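>>> following is a predicted model, sequence given first.
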Amino acid sequence: MRNEKMKNNILKFGLIAGSIIVLIPLLSGFIIGYGPDAYKMGEIIGYSTMLLSLLMIFFAVKEYKEKYPSVQLGFLKVFSIGAGISLIAGIMFGIYNLIHVTYIDPEFMSNYYEYYINNIRNSGAPAAQIEMQISQLEQEKELFMNPIVSFLTMTVTVFMIGLIISTVSGLFQSSKNKQIEAA
């Protein structure tokens, strides 16, 4: 029964986190656009939204502890809740990204690639370094342009950020830590 309650908690907050991480970039895209002029702001919004959405981990643990005060939540349980939420949010963002590059903005991958190349060219770095970076990107271009790789990259990025937040949450929100502080 306890595992079922934890799974429901993970599912609920995972879907909330995933919805936040999908809806904010989607709405901002409609507001600021999807072209190269919006990429820098899109990156800022995207990473900020990842962090914001994964704060649901803290709320999930807090709600679980309030609903089931007799259940002791150690570091591993708190970490597991956070990892589950992060996985759901990551998969949702990966799916959104796949839909985005396939249907919403099919030119995104090639436009973003060119944007990235232009940023390297305009970086002010020495010419040899610029050419080396561009050459390396050219070798990775097919991989970079693959929507499945993009899906996996976005999923893993959200998941890894979530694992960091899960670790912090586990350190600060586990019941064992609270008992030690009270003693």
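That came through, no problem. Residues are numbered from 1 along each chain as shown.
>>> how near is the residue nearest the centre of the chain to G35?
Nearest to the geometric centre of the chain sits V158, at 2.4 Å (CA atoms, centre = their mean). According to CB to CB, to the nearest Å, V158 and G35 sit 24 Å apart. Using the backbone N, CA and C atoms, a C-beta is placed for each residue, glycine as well.
>>> which residue packs closest to the residue nearest to the centre of the chain, ignoring adjacent ones?
Closest residue in space to V158, ignoring its immediate chain neighbours: G90 at 3.7 Å, by CB to CB, 6 or more residues apart in numbering.
>>> got the phi and psi for G35?
Main-chain torsions, G35, degrees, to the nearest 10: phi -80, psi 180.
>>> sticking with the residue nearest to it when sequence neighbours are not counted, tell me its helix or strand.
Spatial nearest neighbour of G35, excluding adjacent residues (CB to CB, 6+ apart): N111 at 7.1 Å. N111 belongs to helix 108-121 when assigned by DSSP states H and E.
>>> can I get the very next helix or strand once past that helix in PDB, CA atoms only?
Under the assignment DSSP H and E, the closest C-terminal helix or strand after helix 108-121 is helix 127-144. The C-alpha coordinates for helix 127-144 follow below in PDB (Å, rounded to 0.1, in the frame of the first residue of the first chain):
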ATOM      1  CA  ALA A 127      41.100  31.300 -35.900                       C
ATOM      2  CA  ALA A 128      42.700  27.900 -35.300                       C
ATOM      3  CA  GLN A 129      40.400  27.200 -32.400                       C
ATOM      4  CA  ILE A 130      37.400  28.400 -34.300                       C
ATOM      5  CA  GLU A 131      38.200  26.100 -37.300                       C
ATOM      6  CA  MET A 132      38.900  23.200 -34.900                       C
ATOM      7  CA  GLN A 133      35.500  23.600 -33.200                       C
ATOM      8  CA  ILE A 134      33.600  23.900 -36.500                       C
ATOM      9  CA  SER A 135      35.500  20.900 -37.900                       C
ATOM     10  CA  GLN A 136      34.500  18.900 -34.800                       C
ATOM     11  CA  LEU A 137      30.800  20.000 -35.200                       C
ATOM     12  CA  GLU A 138      30.900  19.100 -38.900                       C
ATOM     13  CA  GLN A 139      32.000  15.600 -37.900                       C
ATOM     14  CA  GLU A 140      29.100  15.400 -35.400                       C
ATOM     15  CA  LYS A 141      26.600  17.100 -37.600                       C
ATOM     16  CA  GLU A 142      24.600  13.900 -38.600                       C
ATOM     17  CA  LEU A 143      24.300  13.000 -34.900                       C
ATOM     18  CA  PHE A 144      23.400  16.600 -33.900                       C
END
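>>> many thanks, have a good one.
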